[in-house]
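Trainee: next input, structure requested:
(chains A and B)
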Amino acid sequence: AQTVTQSQPEMSVQEAETVTLSCTYDTSESDYYLFWYKQPPSRQMILVIRQEAYKQQNATENRFSVNFQKAAKSFSLKISDSQLGDAAMYFCAYRGMYSGGGADGLTFGKGTHLIIQP
Amino acid sequence: AAGVIQSPRHLIKEKRETATLKCYPIPRHDTVYWYQQGPGQDPQFLISFYEKMQSDKGSIPDRFSAQQFSDYHSELNMSSLELGDSALYFCASSYGQGALTYEQYFGPGTRLTVT
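Mentor: Residues are numbered from 1 along each chain as shown, chains lettered A, B, ... in the order given. Predicted coordinates:
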């Protein structure tokens, strides 16, 4: 079974600065997807960014970018120019490429609570 | 843009009662997923449907069942409710299955409280 580990329960950053959230995962598959989801106090799960394992190029979405290291099974999220609205719980998630055996669903890490200091 | 709709948003039930949660996926999305998120926990995958057929099962209790209807909406039926079933229940939708699946988009969730 796949596992996702987020080793930072909580991170704090000053507004306008850059912060990196860590995520490692364990899998025996070669093809898969990785995601970062944001869960603000409203509890809505919002997709931040996605990475396909077969792509070497790191995904970028505006101020959000990832550092995907497939051999190391590492998938960190960098948030540049942090804003107060970025404050939330951030979940790293894994999904295999193919269906069945529970693989349809996302496997989440325990989350990192990001605090933005004004 | 249209999002995933879940109803009701809040539900209070007593132990041993039954609850039904509804999910309306994003238009043209054909795959629906159900997740359970306990207090302070990460979401856990329960079950998924693709083109009205059960696609995959995760950690769904036997007391729970679900189905997807011809209009692609889905319902999660929960019977003999227990205090431990109190949680936030998310529905997510996507287009395609398996290797063709795009990212999952989540609804706002239904908060179930069992007393």
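Trainee: can we go C-alpha only for contacts and neighbour counts from here?
Mentor: OK.
Trainee: now do the residue nearest the centre of chain B against A:Met89, distance only.
Mentor: With distances taken as CA atoms, centre = their mean, chain B has B:Trp34 as the residue nearest its mean C-alpha position (3.0 Å). Computed with CA to CA, to the nearest Å, the distance linking B:Trp34 and A:Met89 is 20 Å.
Trainee: burial of whichever residue of chain A sits closest to chain B, as a residue count?
Mentor: In chain A, no residue comes nearer to chain B than A:Tyr98, which is 4.2 Å away by CA to the nearest CA. Taking other CA atoms under 10 Å in any protein chain shown as the criterion, the count of residues near A:Tyr98 is 17.
Trainee: so it is in which element?
Mentor: Assigned by DSSP states H and E, A:Tyr98 belongs to no helix or strand.
Trainee: quick check: it touching A:Asp104?
Mentor: Yes. At 7.4 Å, A:Tyr98 and A:Asp104 qualify as touching, with contact defined as CA atoms under 8 Å.
Trainee: can you pull out the strands in chain B?
Mentor: Ranges of strands in chain B, per DSSP state E, are B:5-7, B:10-13, B:19-24, B:31-37, B:44-50, B:53-57, B:64-68, B:74-78, B:87-94, B:105-106, B:110-114.
Trainee: between these, which one is closest to A:Thr18.
Mentor: Evaluated with CA to CA, those place strand B:105-106 nearest to A:Thr18, the distance being 26.6 Å.
Trainee: just checking, what packs against that closest one?
Mentor: Using 3 or more CA pairs under 8 Å, 6 or more residues apart in numbering or on different chains; DSSP states H and E, the elements in contact with strand B:105-106 are strand A:46-52, strand B:87-94.
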